[in-house]
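Peer 1: no letters, just coordinates:
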C-alpha cells in the first residue's frame, strides 16, 4: 500500500512496488525486417533472476530458450537498465550478450511460435519465470521470413 496526495492508502501491485524501489531492470530491443536468426546469451549471477517477457513478431517466428549452452565468446554486452530512472544504480549480476559464438546450443527448455499467417502476434508471459543462479541461457529468435520483432523484458534478482 502507498499513500496518495489525498492521504488515502492505495494498493500497489508487486511489479510496481519493485519499480518504485529501483529493483526492476529492463531490456527493450526492436529489429525491422529481421530475416536471419538473432541469438543472445543470458548469464545469471549468484542470485536467481525473475523475468517477464513481451515478444511481438509480424511473420511466423520461432523463439527458443536453451539452458547451459557452450559459447567460446560472449559477443557484445548489452545494457540492462534500471526501470526507475531516478536510481543511478544500473547494476545487477544478470548479463546479456548479443551474437555470441556458440559451440553447443545446450538443452532447449522452451519453444514458442508467434506471428502466424502474416498477422502480428505476441507472446506475453504473465507468469513470472525464474532463471537458475550461475547458469547461462541461449535465446534464439528465428523468423521464417523477414519479420519486424520487438522484445521487452523485465528482470529482477531475488
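Peer 2: Right, received. Where do you want to start? Model, not experiment: these values are computed from the prediction.
Peer 1: drop to CA atoms for contacts and neighbour counts, all remaining ones
Peer 2: OK.
Peer 1: burial check on the closest residue in space to residue 21 that isn't next to it in sequence, number of neighbours?
Peer 2: Using C-alpha to C-alpha, 6 or more residues apart in numbering and skipping residues adjacent in sequence, the residue nearest residue 21 is residue 84, 7.8 Å away. Residues lying near residue 84 (other C-alpha atoms under 10 Å) number 18.
Peer 1: enumerate every residue touching residue 84.
Peer 2: 19-24 (C-alpha atoms under 8 Å, 6 or more residues apart in numbering).
Peer 1: against residue 108, how distant is residue 94?
Peer 2: 20 Å (C-alpha to C-alpha, to the nearest Å).
Peer 1: more neighbours: these two, which one.
Peer 2: Higher neighbour count among residue 94 and residue 108: residue 94, with 22 against 15, using other C-alpha under 10 Å.
Peer 1: contacts only, for the residue nearest to that one when sequence neighbours are not counted.
Peer 2: Excluding its sequence neighbours, the residue lying closest to residue 94 (C-alpha to C-alpha, 6+ apart) is residue 44, at 4.7 Å. Contacts for residue 44 were tallied using C-alpha under 8 Å, 6+ apart; they are 93-95, 131-136.
Peer 1: just the buried members of these?
Peer 2: 94-95, 131-133, 136 (16 or more other C-alpha atoms under 10 Å).
Peer 1: now, those residues that are in strands?
Peer 2: 95, 131, 136 (DSSP state E).
Peer 1: separation between the second one and residue 37?
Peer 2: Separation of residue 131 from residue 37 (C-alpha to C-alpha): 23 Å.
Peer 1: please apply the same query to the first one.
Peer 2: Separation of residue 95 from residue 37 (C-alpha to C-alpha): 20 Å.
Peer 1: cool, and the last one?
Peer 2: When distance is defined by C-alpha to C-alpha, residue 136 is 19 Å away from residue 37.
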